[in-house]
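> Structure of the sequence below:
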Amino acid sequence: MSRIGKELIVMPAGVSAKFENDTLTVSGPKGTLTQTIDSVIKVNIDGQNLSFEIAKETPESNAKHGLYRALAHNMVVGVSDGFSKTLQISGVGYKASVSGNKLVMNLGFSHPVEVEIPEGLHVTTPSATDVVISGIDRQKVGQFASKIKYIRPVEPYHGYGIRYSDQVVIRKVGKTAGKGKK
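Below is the predicted model of the structure:
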């Protein structure tokens, strides 16, 4: 039995779940999320408690037990509190702004980079160098933040590029050989 899968999920007030036709639906104040559950896992809903059991023992049932419990926990947290990621842009002249449903960034290229914001995500720019991505689906928030970060990865010599707000960039020392020699 999976150690993660055995844990009970306690849903906060205002969050409800229902399971029918191998689909788990979690509703809350921020929205509704659905997830298809494999038939080897059994879902138990007792009032405000949500738990998972292995219905049929297969080689991968232990891994799926923990997987579906973790996905359901992320759904419960998403519809009650939501998820957010903060990106920082550093570099001379690098900046970002939201225009309609597009994120427009100047990242040192010869043209501004425009990225369409996916449905269900909310993107704000509190300052010209900060981008906050928020939404109820943890996977969508993380995937979009990763996509933005990939456009201009942080380079190690000056630290220019896009990084997560809590990411530590290990800086390299530039070349010093040959300085002062003539």
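> do you know how far residue 81 is from residue 46?
From residue 81 over to residue 46 the distance is 22 Å, taken as C-beta to C-beta, to the nearest Å. C-betas here are computed from N, CA, C, even on glycine.
> more neighbours, these two?
residue 81 (13 against 8; other C-beta atoms under 10 Å).
> which residues touch the more buried one?
The neighbourhood of residue 81, defined by C-beta atoms under 8 Å, 6 or more residues apart in numbering, consists of residue 30.
> got the phi/psi numbers for it?
When read as degrees, to the nearest 10, the backbone of residue 81 gives phi -110, psi -40.
> Just the pLDDT for it.
Looking at residue 81, its pLDDT is 94.
> From residue 162, how far off is it?
Per C-beta to C-beta, residue 81 is found 25 Å from residue 162.
> what does residue 71 give?
Residue 71 is 28 Å from residue 162, by C-beta to C-beta.
> Between these two, tell me which one has more neighbours.
Of the pair residue 71 and residue 162, residue 162 is the one with more neighbours under other C-beta under 10 Å, namely 24 against 16.
> Give me the three-state assignment for the more buried one.
Applying DSSP: H, G, I helix; E, B strand; the rest coil to residue 162 yields a three-state assignment of strand.
> Who are the packing partners of the helix or strand of the chain with the lowest mean pLDDT?
Lowest mean confidence among the helices and strands of the chain (mean pLDDT, DSSP states H and E): helix 3-6, at a mean of 88. Applying 3 or more C-beta pairs under 8 Å, 6 or more residues apart in numbering; DSSP states H and E, one finds that helix 3-6 contacts helix 61-80.
> Much appreciated, bye for now.
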